[in-house]
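Colleague: I'll drop the sequence and a predicted model, then ask my questions.
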Amino acid sequence: MLSPAGDASDDGDPFLGLAITLAVTIALVVSAVVVATAGGHGGQTATSSTMATSTTGAPAPPTTSLRPPAPIGVSVVWADDGSAEIRGTVQSEDQFEAIVAASGAAFGEDNVEADRLLVDDSGGVNADERIGVFVSIIDRMPSRLTEGVALLQDRRLTLTGTLAPGFGDDVFDDLLETATDAGLATGTDLAAPVELAAYERTIEVGDAEIVVGGTVSSSDDAAALIAALEQLGLGGVVNELEITTVSPTDGSVTLIGELGDAEAEALRALVADAMVRDQLVVVSAEEEAIDQLNELFSLEPILFDTGQATIRDESASTLDRAAEILVEVEGAAVSIAGHTDSQGDAEANLVLSEDRAEAVLQALVERGVDPGSVIAEGFGESRPIDDNTTDEGRQANRRIEFRLLGA
């Protein structure tokens with residue numbers, strides 16, 4: 001007997017039970033696969049590679065996680081020798097150029113090394129405002145610190161170094177406040193000025209140059225000293241000065257060399273504010289005149305006709321200048337000495353040297369030199385200054401020399 005329709009009996013429909021069992025089995029298998037897949041990623045959600053399916057059956061675009069912002073990390077290391085190095089990473093060429101330009105203006109373009117500063121423009125929060133604060137710090141470093149490091153790390157600005165004399169640790173406070181307004185955490189470690197030794201400067205006068213060395217308190221002081229030395233007209237100035245932050249009155253200046261009275265007085269006046277160690281050899285105006293005459297006649301020898309005491313016309317300008325020098329030291333007793341090479345008879349050479357010295361004396365007297373202040377002497381071949389076996393040596397030995405009588 002059949003059971004009424006819709007009424008479940010204990011025996012039930014065998015096909016219905018089989019369908020239910022199959023559905024449960026499939027569900028369990030699918031759940032196991034999902035769990036296994038999740039376990040394979042260590043428990044992290046893999047959003048970057050999951051492909052969803054739309055209601056239309058077409059695959060949806062893959063979802064990706066956001067890339068972290070490009071890091072900002074840049075430092076300027078300024079050493080007490082004046083060199084500066086920039087390192088780190090910035091976001092753009094504009095930021096790169098701003099930092100390099102500020103460092104070049106602050107420390108000198110030739111003193112800045114920027115090879116280790118890189119640009120990463122891959123994205124992230126714009127850091128232009130933070131870079132602007134960093135540039136302001138760089139601008140102030142040379143005038144406030146003797147050495148130091150400025151470091152910008154993402155949203156933290158750190159400044160360390162040694163304060164220059166006369167500055168306290170509050171000299172960057174306004175910039176640090178600006179940094180705080182820009183969302184930066186700040187920190188400083190500024191040491192008190194180092195006690196520096198007094199400067200020791202040397203000015204050495206040579207034949208054609210002045211060498212100035214040692215230390216000076218600033219680049220402006222160095223430039224002023226170099227300009228003043230150049231105005232003395234004693235030759236080129238070789239600058240070997242080093243810049244320190246000591247007071248220009250704390251130290252000594254050593255003067256070395258040989259100068260005339262006027263030049264020595266002018267040089268001493270340049271360093272009157274300091275303690276002077278004066279090692280100058282002061283040459284009298286008369287001695288200086290003799291030096292000038294001998295230098296003149298060495299560069300522009302008096303030309304005579306061969307074997308004669310007749311002065312050639314080409315030497316007129318040399319004699320004009322020699323007369324001017326002697327007139328300036330009127331009253332000085334001066335010897336005009338003639339010398340020859342060793343060719344020919346020694347007695348004849350002695351006479352020739354005397355005649356030539358006398359010819360020069362007369363030419364100078366004609367140009368205004370007091371005849372009572374000069375004498376003529378001849379030494380022939382007895383006082384050579386070079387080798388008489390060569391043409392060059394013999395030419396050097398044929399000469400007119402001046403000396404100060406009584407010196």
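Modeller: Alright, I've got the coordinates. Numbers count the residues shown, from 1 in each chain.
Colleague: and the closest residue to residue 230 other than its chain neighbours, what is it in contact with?
Modeller: For residue 230, ignoring the flanking residues on the chain, the nearest one in space by C-beta to C-beta, 6 or more residues apart in numbering is residue 237 at 5.4 Å. (C-beta placed from N, C-alpha, C; glycine too.) Residues in contact with residue 237 (C-beta atoms under 8 Å, 6 or more residues apart in numbering) are 209, 210, 211, 212, 226, 229, 230.
Colleague: element containing the fifth one?
Modeller: I take that to be residue 226. Taking DSSP states H and E as the definition, residue 226 sits inside helix 219-231.
Colleague: And for the fourth one?
Modeller: Taking DSSP H and E as the criterion, residue 212 maps to strand 209-216.
Colleague: hang on, the earlier thing: report the beta-bridge partner residues of the residue nearest to residue 230.
Modeller: Per DSSP bridges, the residues bridged to residue 237 are residue 210.
Colleague: Quick check: the gap between it and residue 331.
Modeller: Per C-beta to C-beta, to the nearest Å, residue 237 is found 34 Å from residue 331.
Colleague: for residue 368, helix, strand, or coil?
Modeller: The three-state label given to residue 368 by DSSP: H, G, I helix; E, B strand; the rest coil is coil.
Colleague: Confirm for me that it is in contact with residue 328.
Modeller: No. Residue 368 sits out of contact with residue 328 when judged by C-beta atoms under 8 Å, with a separation of 11.0 Å.
Colleague: Residue 290: how many residues sit nearby?
Modeller: For residue 290, the neighbour count with other C-beta atoms under 10 Å is 22.
Colleague: Now do the SS call for it.
Modeller: Looking at residue 290 with three-state DSSP, the answer is helix.
Colleague: so where's the stretch 1-150 of the chain uncertain?
Modeller: Scanning the stretch 1-150 of the chain for pLDDT under 70 picks out 1-71, 123.
Colleague: Do you have the helices of it handy? List them.
Modeller: In the stretch 1-150 of the chain, the helices defined using DSSP state H, counting those that start in this stretch lie at 14-39, 93-107, 128-144.
Colleague: Mind listing the residues bridging to residue 277?
Modeller: Assessed by DSSP bridges, residue 277 has beta-bridge partners residue 254.
Colleague: ok, how many other residues are close to it?
Modeller: For residue 277, the count of nearby residues is 14 (other C-beta under 10 Å).
Colleague: just residue 127 next, same as before
Modeller: The burial count for residue 127: 22, using other C-beta under 10 Å.
Colleague: Go ahead and confirm it touches residue 74.
Modeller: No. At 9.6 Å, residue 127 and residue 74 do not qualify as touching, with contact defined as C-beta under 8 Å.
Colleague: quick one: common contacting residues for these two?
Modeller: Here residue 127 and residue 74 have residue 90 as joint contacts, going by C-beta under 8 Å, 6+ apart.
Colleague: that older thread, distance check, the residue nearest to residue 230 against residue 283.
Modeller: Using C-beta to C-beta, we find residue 237 at a distance of 20 Å from residue 283.
Colleague: And for residue 339?
Modeller: In this view, residue 339 and residue 283 are 24 Å apart by C-beta to C-beta.
Colleague: Give me the more crowded residue out of these two.
Modeller: Ranked by neighbour count (other C-beta under 10 Å), residue 339 and residue 283 place residue 339 first, with 24 against 17.
Colleague: Tell me how far the more buried one lies from residue 187.
Modeller: 80 Å.
Colleague: where along the stretch 201-350 of the chain do the strands fall?
Modeller: Taking DSSP state E, counting those that start in this stretch to define them, one finds strands in the stretch 201-350 of the chain at 209-216, 236-243, 251-260, 275-283, 334-339.
Colleague: Quickly compare those and say which is most buried.
Modeller: strand 334-339 (a mean of 23; mean count of other C-beta atoms under 10 Å).
Colleague: strand partners of it, parallel vs antiparallel please.
Modeller: Strand 334-339 has these strand partners (DSSP bridges): strand 374-378 (parallel), strand 399-404 (antiparallel).
Colleague: Would you mark the buried spots in the next helix or strand along the chain from the first one?
Modeller: I take that to be strand 374-378. On the C-terminal side of strand 374-378, the closest following helix or strand by DSSP H and E is helix 391-397. Applying a neighbour-count criterion of 16 or more other C-beta atoms under 10 Å, one finds 394, 396, 397 buried in helix 391-397.
Colleague: JSON lines please, covering those residues and showing distance to residue 260.
Modeller: Shown next, in JSON lines, are these (distance: C-beta to C-beta, whole Å):
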{"residue": "394", "distance to residue 260": "34"}
{"residue": "396", "distance to residue 260": "27"}
{"residue": "397", "distance to residue 260": "29"}
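Colleague: what about the stretch 301-407 of the chain, any weak spots by pLDDT?
Modeller: Using pLDDT under 70, the flagged stretches of the stretch 301-407 of the chain are 407.
Colleague: mind redoing it with 80?
Modeller: Low-confidence segments of the stretch 301-407 of the chain (pLDDT under 80): 406-407.
Colleague: out of everything not next to it in sequence, what's closest to residue 266?
Modeller: Here the residue nearest residue 266, using C-beta to C-beta, 6+ apart, is residue 232, at 5.8 Å.
Colleague: Same check on residue 300?
Modeller: Leaving out its chain neighbours, the residue that sits closest to residue 300 by C-beta to C-beta, 6+ apart is residue 318, at 4.5 Å.
Colleague: Now for the residue nearest to residue 287 when sequence neighbours are not counted: which residues touch it?
Modeller: Excluding its sequence neighbours, the residue lying closest to residue 287 (C-beta to C-beta, 6+ apart) is residue 404, at 6.1 Å. Neighbour list for residue 404: 286, 287, 290, 332, 333, 334, 335 [criterion: C-beta under 8 Å, 6+ apart].
Colleague: do residue 148 as well
Modeller: 78, 141, 159, 160, 161, 162, 190 are the contacts of residue 148 under C-beta under 8 Å, 6+ apart.
Colleague: gap between the first one and residue 305?
Modeller: Residue 78 sits 71 Å away from residue 305, going by C-beta to C-beta.
Colleague: Check the fourth one too.
Modeller: Between residue 160 and residue 305 the distance is 81 Å, computed by C-beta to C-beta.
Colleague: Quick check on these two: which one has the bigger neighbour count.
Modeller: When residue 160 and residue 305 are compared for neighbours, residue 160 comes out ahead with 16 against 9, by other C-beta under 10 Å.
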